[in-house]
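Colleague: the sequence isn't on hand, but the structure is:
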């Protein structure tokens, strides 16, 4: 890239139902301008519950997304930032404190070292809790809940004088095999991973501005394979979670009810949100013409399960208490869930 292209950011959302590529650039610290975006649905179930199963197929789709964005922007895209989902997400809250050798002015290097110590402690605790000691995990995101200066809670500790500094940290991890699958698919498409974060972290940074984080709010990002949860309170992100329940559960309920394959069921689900009647054939060749209300009734049980389990997870992550409000976002799978729920 050159000129303004040097400042372009290329991001990929490798989802269960589709791959979305976005190119844009930052304006200041809180604005992002999108100049091109491409979305391509998987033709097979190459990704299930947010985890890549068929690396070559996913890599080919990424290559197509990349090529289309390059044509639209006139730029060569070499590096990409990706957000990871994961049905095996592990989250750990830790507190660490660091004694300075003397009264010292806190620098950004001190803060970075403190954060690193906290992430390492979280990793060690995750490893100690697993039954497979040879299993390794990759930190896909962390967020300081609160910093401490000489034992007192502080929003910012940099440039203050202190004899000790501390941090309460929430760190999230995925098993190496999940992360390696993402890296393999991206690299096979001719790209280098510039950065990796967690989908709920990416979602909450866009959907819940910092000025709202004093409130106890949950954000649920509903996709096709997973529902990702983030919770904020008292100005900080306090919890992340993930449920392997989302739009695909509705699709599977329709497939079983009417004896159709998964792709046909997906079309039926989408059409039931857009049309008054839906026509299709099942695997036995029988023709159906149904009112959308009948199809939505079929989906209600699956939706109830999703809503109940996500609600329970939010209460669990929020220390056993309900939150003040829930924001729901998502792609096409999330929109279908919301429409059926209405």
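Modeller: Here it is on my side, so go on. Computed from a predicted structure; not experimentally measured.
Colleague: how close does residue 329 get to residue 274?
Modeller: 20 Å (Cβ to Cβ, to the nearest Å). The C-beta positions use only the backbone N, C-alpha and C, and glycine is treated the same way.
Colleague: now do residue 259
Modeller: 23 Å.
Colleague: of those two, which one has the most company?
Modeller: Neighbour tally, residue 259 and residue 274, criterion other Cβ atoms under 10 Å: the higher count belongs to residue 259, 14 against 9.
Colleague: contact partners for that one?
Modeller: 282-284, 286 (Cβ atoms under 8 Å, 6 or more residues apart in numbering).
Colleague: which one of those residues is nearest to residue 182?
Modeller: residue 283 (33.8 Å; Cβ to Cβ).
Colleague: number of nearby residues for that closest one?
Modeller: Counted with other Cβ under 10 Å, residue 283 comes out at 11.
Colleague: list the contacts of the residue nearest to residue 239 when sequence neighbours are not counted.
Modeller: Spatial nearest neighbour of residue 239, excluding adjacent residues (Cβ to Cβ, 6 or more residues apart in numbering): residue 317 at 3.9 Å. Taking Cβ under 8 Å, 6+ apart, we find residue 317 in contact with 218, 229, 231, 238-241.
Colleague: can you check residue 79 too?
Modeller: 10, 191-194.
Colleague: residue ranges for the helices of the stretch 151-300 of the chain, please.
Modeller: Applying DSSP state H, counting those that start in this stretch to the stretch 151-300 of the chain gives helices spanning 176-188, 199-207, 247-258, 262-271, 292-317.
Colleague: circling back: which one of the contacts of residue 259 has the most neighbours?
Modeller: Neighbours here mean other Cβ under 10 Å. Within the contacts of residue 259, the largest count is held by residue 282, at 16 neighbours.
Colleague: residue contacts, it?
Modeller: Residue 282 touches 258-260, 264, 288, counting by Cβ under 8 Å, 6+ apart.
Colleague: for it, give its distance to residue 250.
Modeller: Residue 282 is 17 Å from residue 250, by Cβ to Cβ.
Colleague: now do residue 129: how many residues are near it, please.
Modeller: Counted with other Cβ under 10 Å, residue 129 comes out at 9.
Colleague: who are the contact partners of it?
Modeller: Residues in contact with residue 129 (Cβ under 8 Å, 6+ apart): none are found.
Colleague: run through the stretch 201-342 of the chain and note the low-pLDDT ranges.
Modeller: Residues of the stretch 201-342 of the chain meeting the criterion pLDDT under 70: 331-342.
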